[in-house]
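J.: Predicted model and sequence follow; I will ask about them next.
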Amino acid sequence: MKLSRNFRSAGAVSLVALALAAALPAHAESDFQTGAGALNANARLDFRVVIPKFIRFQVGSAGTVVDLVEFSVPAANVGDGSDIARTNGGTVPVLLQSNNGNVSLTGTTLGQLNNGAGENISFAEILSTSSDPNLNVPTLVDGGTSAAVTVTPNVGARVVNRTANWSFAYSNTNFVGAGSYGGVNVNNGRVTYTAALP
């Protein structure tokens, strides 16, 4: 009876020791040297840094703010073909960062800008330029996705870290009815710019 109890105690101690050993981190390599002369002991480590693939894209204000780009046409200039610059601010800051090669930029609209009363202004009337031709503005189309603009790496072989200021104007080539065309996520006023990384 005593013998059986001792075996059970020894078994329990062994299981606890195994569990503790499994929980401990692996020991680093070690080297032991002894002798009368100069001694060197070497121990090695392997290092690895894991970087995830990522893309960061900002058009306008940071965060969740969606900026409004507005053009107020003076009455004397309606339809005279004079380009109307943005009237509620200046250029739109753009940031693109990624780390896996070329990035494809597109712009998507839901249709022509409209005033809610059956009158329209084509996105072909919205002119765009960039302060950096390496981060160009996609040319918008009505009710679809633009042709892609390719942004190439500028840091090493695969890293894109580019900024630019995009400027917009209304080309004002047609006489159209009075009213507001587009707006804050109404009347097809919202454009979605997309940066795609393979």
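T.: Perfect, I can see it now. Numbers count the residues shown, from 1 in each chain.

J.: tally of neighbours for residue 67?
T.: By other C-beta atoms under 10 Å, 13 other residues sit near residue 67. Just so you know, the C-beta spots here come from the backbone N, C-alpha and C atoms, and that holds for glycine as well.

J.: show me the residues around it that make contact.
T.: 59, 60, 61, 89, 92 (C-beta atoms under 8 Å, 6 or more residues apart in numbering).

J.: which of those count as buried?
T.: Listed as buried from these are 59, 60, 92; burial here means 16 or more other C-beta atoms under 10 Å.

J.: Same list (these) but as a markdown table, adding pLDDT, secondary structure and distance to residue 119.
T.: What follows is the buried ones among the contacts of residue 67, written out as a markdown table (pLDDT from 0 to 100; DSSP: H, G, I helix; E, B strand; the rest coil; distance: C-beta to C-beta, whole Å):
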| residue | pLDDT | secondary structure | distance to residue 119 |
| --- | --- | --- | --- |
| 59 | 98 | strand | 28 |
| 60 | 97 | coil | 27 |
| 92 | 98 | strand | 26 |
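
J.: so where do the strands sit in the chain?
T.: Using DSSP state E, the strands of the chain run over 55-59, 84-85, 92-98, 103-108, 113-114, 120-121, 126-130, 149-151, 160-170, 192-196.

J.: Buried deepest among these, which one?
T.: strand 113-114 (a mean of 22; mean count of other C-beta atoms under 10 Å).

J.: Report all helices and strands that that strand contacts.
T.: In terms of contacts (3 or more C-beta pairs under 8 Å, 6 or more residues apart in numbering; DSSP states H and E), strand 113-114 is packed against strand 120-121.

J.: starting at the chain centroid, how far to the strand it packs on?
T.: Computed by C-alpha atoms, centre = their mean, to the nearest Å, the chain-centroid distance of strand 120-121 equals 31 Å.
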